[in-house]
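# this is the structure alone, sequence omitted:
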């Protein structure tokens, strides 16, 4: 605690005690008022100058497909008027990741469209590559999710034999 601040609090307590005594309060009660002012002031000074008393906040881990993301997506699908853009964007991100990881294909590359349509149905590819938000109902969105989930690694090469595309 800062000694200068503590001295200031004690001086304030003496002044408060003298003011209360001046207005006709007895000596014992004016000393009690001074003691309360001193106790509150010193406590406040110690808390203000001391270390923070808040609990540390652990960092939020945001991994794709985490429980929170799935919960938010599930609640978003309960809305009316089709599937919201946010849910469709998450499906695109998962499809982009799985296509890149499993097949070395880029969802945004027009040259890879034929190869992508070989592993995904053309209607699903059209939904995933559309710039504007299509009016999808829950059944069509379920088809998109099922197709993305069914993506499997190619069986002609093992994972150790795969080479990145030039």
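Great, that's in hand. Keep in mind that this is a model prediction, so the values were computed, not measured.
# helices or strands up against the helix or strand where residue 93 lies?
In the assignment (DSSP states H and E), residue 93 maps to helix 85-103. Identification of packing neighbours for helix 85-103 by 3 or more Cβ pairs under 8 Å, 6 or more residues apart in numbering; DSSP states H and E yields helix 67-76, helix 113-119, helix 122-129, helix 138-149. Every residue, glycine included, has its C-beta placed from N, CA and C.
# any idea which of those helices is most buried?
helix 122-129 (a mean of 17; mean count of other Cβ atoms under 10 Å).
# can you state the direction angle for that one and helix 85-103?
Interaxial angle, helix 122-129 versus helix 85-103 (axes from the mean of the first three to the mean of the last three Cα atoms, to 10 degrees): 110 degrees.
# quick one: residues in contact with the longest helix out of those in the chain.
Counting residues, the longest helix in the chain under DSSP state H turns out to be helix 27-49. Helix 27-49 has contacts (Cβ atoms under 8 Å, 6 or more residues apart in numbering) with 1-2, 5-6, 9-10, 12-14, 16-18, 20-21, 25, 53.
# now with 7 Å, please.
With contacts defined as Cβ atoms under 7 Å, 6 or more residues apart in numbering, helix 27-49 is touched by 1-2, 5-6, 9-10, 12-14, 16-17, 20-21.
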